[in-house]
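Undergrad: here's a sequence, model it:
(4 chains)
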Number of protein chains: 2
Amino acid sequence: MDDATTPKIASKPRPTKDRLIRAAARLFSNCGYHGVGLAEILAEAQAPKGSLYHHFPNGKSDLALASATWASDEILLLIAASFEPADGFADGAESLCQKLANLFDAGGKWSGCPISSTLLEGPDNAQFHRHAAHLFEGWIAEVEYHALRLGLGKDEAAATAQSFYILLQGGWQLARVRRDSAVIRTLPALL
Amino acid sequence: MDDATTPKIASKPRPTKDRLIRAAARLFSNCGYHGVGLAEILAEAQAPKGSLYHHFPNGKSDLALASATWASDEILLLIAASFEPADGFADGAESLCQKLANLFDAGGKWSGCPISSTLLEGPDNAQFHRHAAHLFEGWIAEVEYHALRLGLGKDEAAATAQSFYILLQGGWQLARVRRDSAVIRTLPALL
DNA sequence: TCTTCTCTGGACCAACTGGTCTAGAACTGT
DNA sequence: ACAGTTCTAGACCAGTTGGTCCAGAGAAGA
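TA: Model (predicted):
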């Protein structure tokens, strides 16, 4: 806008579409898809209704899919950042749990899993369910990839990745109930 | 429960209050607290609005608390029924997982945890959160009691009960994502 | 400059939300 | 039979929901 030193394509503070996705992800993971109204999202993102329906022609549901995808990609980055520099699988798992626990604390010790809160609220919407399943299996596949890379056998890697996913989902839920990230930090001991 | 042998005070087909609680529990665990309207609950329970506000003066929120309590009690019964006749903790855990997997299948392979779906949808409602925490800790305490009774040491029993809870929540979630109860049935192997 | 396109701003709407209220049905004990 | 209580039935309401629509601001290319 008023900045001449940065390239003009990236000179905006943050594009409206981006603000909408981030606001939606934050609110949905706190209160669920049905628990958040468009008004609240628009207020948080400081965007008018017209912008929402310009960027997401199908409205709330489009936004939900986009925000879940964005949140999932953030988690994938976290997984990669944890396992890539790790000496072994146990190291990477330990590191990932710490990162997730910090994320939990930063989010007010309340937020739920952004994908399940957003997309898992009803048997009626097949598209939501399919997308959620796709994203979650992506997490498991990413962990499995690193497990293989770090020396685990094929079957062991698959089983470990799935167990780790289960522990993380369950642990995050208990942390939310207790408003305390301690559970998440102790998960590696259970693997 | 069967009607033929029960006293006349309970001989009606099923009291309205009961129908409301069960309908609410079913619907909330599918779509979350905000995802279900009163109209839907009343239709499923075949009750008029007046009855709801007679039995639950504070309306939807009262009903949600009652239905979560009811669902929690059902789970406690399931835990007791699994561990009481068991030879050891592993036996009881195995039995509980089978029962829960059957429950999952019976509910259409879709429903989420009735307590978290109903009470864990926002940082704003402290009463909901406190009640959910109370119910969940009740589950863990019940499992811990049986663990002690079946020979585990004090520390081991507490740790095992908590791990089992985490596995069940995480496993149930993954089963929901995959619409397949297989994950739940394999949980005992992870303990 | 003029034109074209992307994006914003918000007024407006029908449908639905949870909640209130009251008339009376159904059961209770006397 | 009576009176008192419990429960049902649904009309009604104000507030909110997600969604539509279009005038126009702003940027981009000619």
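Undergrad: so which residue of chain A comes closest to DNA strand C?
TA: Among the residues of chain A, A:Gly50 lies closest to DNA strand C, at 2.3 Å counting by CB to the nearest atom of the strand. To be clear about C-beta, it is placed using only N, CA and C from the backbone, and glycine gets the same treatment.
Undergrad: does any part of stretch A:112-123 sit near DNA strand D?
TA: No - on the criterion CB under 7 Å from any atom of the strand, stretch A:112-123 is out of touch with DNA strand D, staying 12.0 Å away.
Undergrad: could you give me the buried positions within that stretch?
TA: Judged by neighbour count using 16 or more other CB atoms under 10 Å in any protein chain shown, the buried positions of stretch A:112-123 are A:Gly112, A:Cys113, A:Pro114, A:Ile115, A:Ser116, A:Ser117, A:Thr118, A:Leu119, A:Leu120, A:Glu121, A:Gly122.
Undergrad: try stretch A:39-58
TA: In stretch A:39-58, the ones that count as buried by 16+ other CB under 10 Å are A:Ile41, A:Leu42, A:Glu44, A:Ala45, A:Ala47, A:Ser51, A:Leu52, A:His55, A:Phe56.
Undergrad: now the buried residues of stretch A:112-123 in TSV, please, with extra columns for secondary structure, pLDDT and distance to A:Gly32.
TA: As requested, these are arranged in TSV below (DSSP: H, G, I helix; E, B strand; the rest coil; pLDDT from 0 to 100; distance: CB to CB, whole Å):
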residue	secondary structure	pLDDT	distance to A:Gly32
A:Gly112	coil	96	8
A:Cys113	coil	98	11
A:Pro114	helix	97	11
A:Ile115	helix	98	12
A:Ser116	helix	97	9
A:Ser117	helix	96	5
A:Thr118	helix	97	7
A:Leu119	helix	97	10
A:Leu120	coil	95	9
A:Glu121	coil	86	6
A:Gly122	coil	68	10
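Undergrad: so can I have TSV of these showing distance to A:Leu174?
TA: Below are the buried residues of stretch A:112-123 laid out as TSV (distance: CB to CB, whole Å):
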residue	distance to A:Leu174
A:Gly112	12
A:Cys113	13
A:Pro114	17
A:Ile115	18
A:Ser116	15
A:Ser117	16
A:Thr118	21
A:Leu119	22
A:Leu120	18
A:Glu121	21
A:Gly122	24
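Undergrad: near chain B, list only the ones from those.
TA: A:Gly112, A:Ser116, A:Leu120, A:Glu121, A:Gly122 (CB under 8 Å from any CB of the partner chain).
Undergrad: what's the closest non-adjacent residue to the residue most central in space within chain A?
TA: Residue closest to the average C-alpha location in chain A (CA atoms, centre = their mean): A:Ala71, at 3.4 Å. Nearest non-adjacent residue to A:Ala71, counting by CB to CB, 6 or more residues apart in numbering or on different chains: A:Pro114, 3.7 Å away.
Undergrad: picking up where we left off before, which helix or which strand is home to the residue of chain A closest to DNA strand C?
TA: A:Gly50 belongs to helix A:49-55 when assigned by DSSP states H and E.
Undergrad: buried residues in the next helix or strand after that helix?
TA: As assigned by DSSP H and E, the chain's next helix or strand after helix A:49-55 is helix A:60-83. By neighbour count on 16+ other CB under 10 Å, the buried set for helix A:60-83 is A:60, A:63-69, A:71-72, A:75-76, A:78-79, A:82-83.
Undergrad: between these, which is nearest DNA strand D?
TA: A:Lys60 (3.6 Å).
Undergrad: check the secondary structure at A:Tyr33 for me.
TA: Three-state call for A:Tyr33 (DSSP: H, G, I helix; E, B strand; the rest coil): coil.
Undergrad: does it touch B:Gly35 like I think?
TA: Yes - using CB atoms under 8 Å, A:Tyr33 makes contact with B:Gly35 at a distance of 7.3 Å.
Undergrad: joint contacts of the two?
TA: Residues touching both A:Tyr33 and B:Gly35 (CB atoms under 8 Å, 6 or more residues apart in numbering or on different chains): A:Glu121.
Undergrad: which one's more surrounded, those two?
TA: Higher neighbour count among A:Tyr33 and B:Gly35: A:Tyr33, with 27 against 19, using other CB atoms under 10 Å in any protein chain shown.
Undergrad: do you know how far the more buried one is from A:Ser67?
TA: From A:Tyr33 across to A:Ser67, the span is 10 Å (CB to CB, to the nearest Å).
Undergrad: common neighbours of those two, please.
TA: A:Thr118.
Undergrad: and stretch A:152-164, how far out from the chain's middle?
TA: Relative to the mean C-alpha coordinate of its chain, stretch A:152-164 is positioned 22 Å out (CA atoms, centre = their mean, to the nearest Å).
Undergrad: so for it, mean pLDDT?
TA: On average, the pLDDT along stretch A:152-164 is 98.
Undergrad: could you confirm whether it reaches chain B?
TA: Yes - interface with chain B: stretch A:152-164 contributes A:Gln162, A:Ser163 (CB under 8 Å from any CB).
Undergrad: in that stretch, which residues are buried?
TA: Buried-residue list, stretch A:152-164, by 16+ other CB under 10 Å: A:Leu152, A:Ala157, A:Ala158, A:Ala159, A:Thr160, A:Ala161, A:Gln162, A:Ser163, A:Phe164.
Undergrad: now do stretch A:116-136: distance to the chain's middle.
TA: Averaged C-alpha coordinates place stretch A:116-136 at 14 Å from its chain's average position (CA atoms, centre = their mean).
Undergrad: sorry, wrong one. I was asking about stretch A:108-125.
TA: That offset, for stretch A:108-125, works out to 10 Å (CA atoms, centre = their mean).
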